[in-house]
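turn this into a structure:
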Amino acid sequence: MHIPDGFLDSKTMIATATFSVAGITQALRNISRHLSPRTIPLMGLAAAFIFVGQMLNFPIAGGTSGHLIGAVLVSSLLGPSAAVLVMSVVLIVQCLLFADGGFLSLGANIFNMGIIAVVSGYYVYRGICLLITGVYGKLAGVAAGAWISTVVAAICCTGELAWSGTIGWSIGVTAMTGIHMLIGIGEAVITMLVVVAIYRTRPILYLSGESNSLGPKKGVFSEVIPYGILVTIGLVLFVSPFVTAWPDGLEKVAAMFGFSARAIQHPLLNAPLAGYRIPGVNSIPLATAIAGIVGAALVFAFSLILGRAVLFKSKKTGS
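Got it, this is the predicted structure:
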């Protein structure tokens, strides 16, 4: 669902960039009130996992693929404000380093996947948890929230395309919603499986991670972080080079309705690892694996730096 440059007009890019800045600013204000030092490593691990998860396209019907957004997975662990920041870091690195999503469309991509998907999915998740208590409520909540987050983000993306005159609203919303309702099923299944794995091994992350301002106990992180890093690296090395090359939902709709040619072929910003390729590495699987490790390491590091900066500022101001 990463929008390339050329699909949106100036007013839409300015509006979505403004909304994204406002959303990130509010997230920073919210998280500064309760961020714990013990939560910061989990932000980095979540960012790395989401980065890798978004590299892994899974096939759906009609020669179309989808990939994990991860908004509900992160927000169910860390809460919506931290999730907005984690998703924004991932999307910024994807854009600037790998040309995954347009530079001028970055505001729209953050708004759709980093804010709309987080907020809509999280509150569906929380609402279901209030109705159904216990682990079954959490699983039902993350599944429903993940599906809703995918569909709502796709509808918002369609509105931006329609406002830009790229595609008619009635045509676009039908096509985008239909495809992303299917992709949302994959999002829900993956999110639920990851949550089940976390809950079975370290349930304290869900018992205290999002609701306790102190965050998970330090001893939990000493085990969770190394295993999480190993899983992330394993997915990069052994899975990412072999995922489907089918177009994703937005690419499929663009091809179906003839606006794929509007994508700018020579972007204003030359990403050094565009297309997840490494200069001098001719093997595509190897280049993809290396690029994935580099990207995962960067989003991990940037999320840690951001978390520590927020914590330092909150202590300095006494908030």
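
stretch 62-82 - what's its average pLDDT?
Over the span of stretch 62-82, the pLDDT mean works out to 92.

list the buried residues of it.
64-82 (16 or more other CB atoms under 10 Å). (C-beta placed from N, C-alpha, C; glycine too.)

and it, end to end?
Start and end residues of stretch 62-82 are separated by 36 Å (CA to CA, to the nearest Å).

could you look up the SS state of residue 271?
coil (DSSP: H, G, I helix; E, B strand; the rest coil).

next, count neighbours for it.
Neighbours of residue 271 under the rule other CB atoms under 10 Å: 16.

list the contacts of it.
Residues near residue 271 by CB atoms under 8 Å, 6 or more residues apart in numbering: 95-99.

between those residues, which sits nearest residue 257?
Within the contacts of residue 271, proximity to residue 257 (CB to CB) peaks at residue 99, which comes in at 23.2 Å.

pretty sure the closest one contacts residue 277?
No. Checked against CB atoms under 8 Å, the pair residue 99 and residue 277 is beyond contact range at 9.9 Å.

tell me which of the two has more neighbours.
residue 99 (22 against 17).

from the buried residues of stretch 62-82, which ones fall inside strands?
64-66 (DSSP state E).

number of nearby residues for residue 153?
28.

that one and residue 316: what is the separation?
Plainly put, residue 153 is 35 Å away from residue 316 if you go by CB to CB, to the nearest Å.

do the same with residue 77
Distance, residue 77 to residue 316, by CB to CB: 27 Å.

can you give me the helices in the stretch 1-150 of the chain?
10-31, 40-55, 71-78, 80-98, 106-109, 117-131, 134-163 (DSSP state H, counting those that start in this stretch).

among these, show me which one is buried the most.
The highest average neighbour count among those, using mean count of other CB atoms under 10 Å, belongs to helix 71-78 at a mean of 28.

output it as CSV, nothing but the C-alphas.
In CSV, the C-alpha atoms belonging to helix 71-78 read as follows (Å, rounded to 0.1, in the frame of the first residue of the first chain):
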residue,chain,number,x,y,z
ALA,A,71,-0.1,-1.6,13.1
VAL,A,72,-2.3,-3.6,15.5
LEU,A,73,0.5,-6.0,16.4
VAL,A,74,2.7,-3.1,17.6
SER,A,75,-0.2,-1.1,19.2
SER,A,76,-1.5,-4.1,21.1
LEU,A,77,2.0,-4.5,22.7
LEU,A,78,3.0,-0.9,23.2
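
could you give the angle of it to helix 40-55?
170 degrees (axes from the mean of the first three to the mean of the last three CA atoms, to 10 degrees).

name the residues that touch helix 71-78?
39, 42-43, 46, 49-50, 82-83, 86-87, 113-114, 117-118, 121-122, 125, 138, 141-142, 145-146, 149, 153, 187, 191, 194-195, 198, 205-206, 209-210.

contacting residues around stretch 293-303?
Stretch 293-303 is contacted from outside by 40, 43-52, 55, 85-86, 89-90, 93-94, 97-98, 232-233, 236-237, 273, 276, using CB under 8 Å, 6+ apart.

repeat for stretch 232-239
Contact with stretch 232-239 is made by 45, 48-49, 52-53, 55-56, 289, 292-293, 296, as judged by CB under 8 Å, 6+ apart.

so for the chain, the centremost residue is which one?
residue 69 (4.2 Å; CA atoms, centre = their mean).

tell me the mean pLDDT over stretch 143-153?
Rounded mean pLDDT across stretch 143-153 is 97.

ah, wrong one, I meant stretch 93-110
Averaged across stretch 93-110, pLDDT comes to 95.

got the CA positions of it in CSV?
Taking Å, rounded to 0.1, in the frame of the first residue of the first chain, the C-alpha atoms of stretch 93-110 are listed here in CSV:
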residue,chain,number,x,y,z
VAL,A,93,13.6,4.2,6.5
GLN,A,94,11.8,2.3,3.8
CYS,A,95,11.3,5.5,1.8
LEU,A,96,14.7,7.2,2.2
LEU,A,97,16.9,4.1,2.0
PHE,A,98,15.0,1.6,-0.2
ALA,A,99,12.6,3.9,-2.3
ASP,A,100,9.7,1.8,-0.9
GLY,A,101,7.0,4.5,-1.2
GLY,A,102,7.5,7.9,-2.7
PHE,A,103,9.5,10.7,-1.0
LEU,A,104,6.8,13.3,-1.7
SER,A,105,4.1,10.7,-0.7
LEU,A,106,5.8,9.9,2.6
GLY,A,107,3.3,12.0,4.5
ALA,A,108,0.4,10.0,3.0
ASN,A,109,2.0,6.7,3.7
ILE,A,110,2.7,7.6,7.3
